[in-house]
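> One predicted model, sequence on top.
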Amino acid sequence: MRVAVIGAGVAGLATAKVLTQAGHEVVGYDKAPDLGGVWSRSRRYPGVTTQSPKAQYSLSDFPMPADYPQWPDGEQVQRYFAAYAERFGVDGLFRLDTEVVAAEPAAGRWLVDGELFDRVVVANGVFCEPAVPDYPGLAEFTEAGGKLCAGTEFHDIEDARGKHVLVVGYGKSACDVTVAIGEVAASTDVIARQMLWKVPRLIAGRVNFKMLLLTRMGEALFRYLRPRGVERFLHGPGNGLRRRMLNSVGSVSVRQFGLAGLGLVPPGRMEDIVKGAIGLATEGFFEGVADGSITVRRDTTITRLLGGKSPRAELSDGTVLPADLVVCATGFRQGVPFLPESVQRELLDERGNFMLYRQIRPVSAPGLYFNGYNSSFFSPLNAEMAAVWIAADLAGAVDLPSDSQMRQAIRDQLAFMDVATDTHHCRGAKIIPFSMHNVDEVLGDLDANISALTRASHWLNPVDPAAYAEVTPKVLARLVNGTKPTAAPPTAPRRYDRPVGRTPDADRHTADRDGRRPIRAAE
């Protein structure tokens, strides 16, 4: 089939790679000038790093370079995804600097800006359009020399040098950019509507947080819609133990960061973390608060911007602060403006939540798929497994429930996530903290999960995406053979040790030497 992929972030790249290997013709689009989605040079802000360590933020068959730090920065991640696209020959499939204006059904097929395709995969991302508050007084503020921008629009740290800067938000991106700004600004104030729990990278200075929260056990500490096995115990007879395990991390965080002395202890308990935003603590943030280079204005908002002789901002507590620059790290809108209203009515519920079966497939929009609308701690792995599911569904190899059953499953999932996250699930497009439940369900549809033994090892050890390296070739081989995908014992993951930026010709020489070749569906 001829398939359009809208978006060149990790979900779009994984989709292009898997569908190309499955024998489809892929054409990709992205309005950015380079590959990488949120990691594009047009969107990354100073100080941005991954939230998950590099091993957990890798694609299954393409590990990050060994010389990358544990938490790579934005430029390194963009280079990694560009190298992935080059390695699997999909970099040339994307039309960059090209924004899709209209994608609409046309007699069983799809027209994308007037070009005909058999199918469309929307991979524009959960973090596509920044949500910037509409503050009263913006015109006067700007006339006085003030500047307001989204975090993803702030690219040059020199724009903050010597200025009075307000950073709006308290999530990871807000704290990341605050640390960078605090090193050069005349004053740096964080306007935090809500205090959020922050997890240390190294708990008690010793234990990497991935050992606690990026395991299947860590995921099981949060109640899922369909608890099973050990989860039933943890949320039944073992509930007291579960709560102590989770909340002990909060106690350590309070002591480790000195939150009580800083006046920054969040309300509630650490187990409420998923109801706000699970955030990794930014190195240097609380140290900056302690030394006075960063001031956190907790439980406040900006009520209006002021002009006159100098730009200022008035807060909800009545405080007026000088504000040469206001950087809004206030989240994102999940939108698909290129889809016609008739499709959006089928796609969205009455509250604007995306109605997607397995976070992938609308029930009543034939030929349309989504990838990347399963944002998680393991976003590359979730996107990759979703791409395999799409390839299988294109081949008619997914045994789907009836339309009414799929709709009910979607409604049940949304209702559950409303409660689990206090509606902070990005209009149904975020699955944190239930990353591996999503992987299990997607691969369960294909009867292609990895071995129970390997999954069991991930209960106490961090989930390793490389353990899933054989899923794609196994499933694609079965699709080529015309048989339903079935589970097979995983073999050692295929490792590509090519340094980022190495040329395809160098890869071919390596393949000639050691016998490794890119996997193709025909193999």
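Structure received. Numbering: from 1, shown residues only.
> if I pick residue 425, what's in contact with it?
Taking Cβ atoms under 8 Å, 6 or more residues apart in numbering, we find residue 425 in contact with 414, 417-418, 431. Where C-beta positions appear, they are placed from N, C-alpha and C, glycine not excepted.
> how about a cut-off of 6 Å?
The contact partners of residue 425, by Cβ atoms under 6 Å, 6 or more residues apart in numbering, come to residue 417.
> which element is it on?
Counting by DSSP states H and E, residue 425 is held by no secondary-structure element, helix or strand.
> now residue 245
With DSSP H and E as the criterion, the answer for residue 245 is helix 239-257.
> Need the nearest residue in space to the residue lying farthest from the centre of the chain, chain neighbours excluded.
Among residues of the chain, the one most distant from the C-alpha centroid is residue 309; the distance is 41.8 Å, by Cα atoms, centre = their mean. Closest residue to residue 309 apart from its sequence neighbours, by Cβ to Cβ, 6 or more residues apart in numbering: residue 144 at 7.1 Å.
> What number of residues are in the vicinity of the one you found?
The number of residues packed near residue 144 is 18, by other Cβ atoms under 10 Å.
> ok, now residue 386?
With other Cβ under 10 Å as criterion, residue 386 counts 29.
> after the helix or strand hosting it comes which helix or strand?
Using DSSP H and E, residue 386 falls within helix 379-394. Per DSSP H and E, helix 379-394 leads on to helix 403-421 as the next helix or strand towards the C-terminus.
> List every C-alpha atom in the helix holding residue 386, with coordinates, as PDB.
What follows is helix 379-394, C-alpha atoms only, in PDB (Å, rounded to 0.1, in the frame of the first residue of the first chain):
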ATOM      1  CA  SER A 379       7.800   6.100  24.200                       C
ATOM      2  CA  PRO A 380      10.200   4.700  21.500                       C
ATOM      3  CA  LEU A 381       9.300   1.100  22.400                       C
ATOM      4  CA  ASN A 382       5.600   1.900  22.600                       C
ATOM      5  CA  ALA A 383       5.700   3.600  19.200                       C
ATOM      6  CA  GLU A 384       7.700   0.700  17.700                       C
ATOM      7  CA  MET A 385       5.300  -1.900  18.900                       C
ATOM      8  CA  ALA A 386       2.300   0.200  17.700                       C
ATOM      9  CA  ALA A 387       4.000   0.300  14.300                       C
ATOM     10  CA  VAL A 388       4.100  -3.500  14.200                       C
ATOM     11  CA  TRP A 389       0.400  -3.600  15.200                       C
ATOM     12  CA  ILE A 390      -0.400  -1.200  12.300                       C
ATOM     13  CA  ALA A 391       1.600  -3.400   9.900                       C
ATOM     14  CA  ALA A 392      -0.300  -6.500  11.000                       C
ATOM     15  CA  ASP A 393      -3.700  -4.700  10.800                       C
ATOM     16  CA  LEU A 394      -2.800  -3.600   7.200                       C
END
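> Could you number the chain from 658 rather than 1 from now on?
In the new numbering, first residue 658, that becomes helix 1036-1051.
> Give me the distance between the residue positioned nearest the centre of the chain and residue 899.
Nearest to the mean C-alpha position of the chain, counting by Cα atoms, centre = their mean, stands residue 1032 at 4.1 Å. As defined by Cβ to Cβ, to the nearest Å, residue 1032 lies at a distance of 25 Å from residue 899.
> is it true that residue 1089 touches residue 1033?
Yes - using Cβ atoms under 6 Å, residue 1089 makes contact with residue 1033 at a distance of 5.5 Å.
> Residue 906: how many residues sit nearby?
By other Cβ under 10 Å, neighbour count at residue 906 equals 23.
> In contact with it, which residues?
residue 927.
> Check it and give its pLDDT.
At residue 906, the model reports a pLDDT of 82.
> same deal with residue 1146?
The predicted structure lists residue 1146 with a pLDDT of 38.
> Show me what stretch 774-786 is in contact with.
Looking at stretch 774-786 with Cβ under 6 Å, 6+ apart, the contacting residues turn out to be 658-664, 666, 668-669, 672, 694-695, 760, 766-767, 989-992, 1024-1029, 1032, 1083, 1086.
> same check, this time on stretch 702-715
721, 725, 727-731, 808, 811, 814, 829, 833-834, 836-837, 867, 871, 937, 1034-1035, 1122.
> for the stretch 858-1007 of the chain, what spans make up the helices?
867-870, 873-877, 887-891, 896-914, 916-919, 942-948, 998-1004 (DSSP state H, counting those that start in this stretch).
> rank the ones you listed by pLDDT, which is bottom?
When those are compared on mean pLDDT, helix 867-870 scores lowest, with a mean of 84.
> List the neighbours of that one that are in contact with it.
Counting by Cβ under 6 Å, 6+ apart, residues outside helix 867-870 touching it are 710, 875, 1119.
> Would you format those residues as JSON lines with distance to residue 844 and neighbour count included?
Output for the contacts of helix 867-870, formatted as JSON lines (distance: Cβ to Cβ, whole Å; neighbours: other Cβ atoms under 10 Å):
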{"residue": "710", "distance to residue 844": "33", "neighbour count": "21"}
{"residue": "875", "distance to residue 844": "38", "neighbour count": "23"}
{"residue": "1119", "distance to residue 844": "39", "neighbour count": "22"}
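> List just the nearest of these to residue 822.
In terms of Cβ to Cβ, no member of the contacts of helix 867-870 lies closer to residue 822 than residue 710, at 29.6 Å.
> What values do phi and psi take at that closest one?
phi -60, psi 160 (degrees, to the nearest 10).
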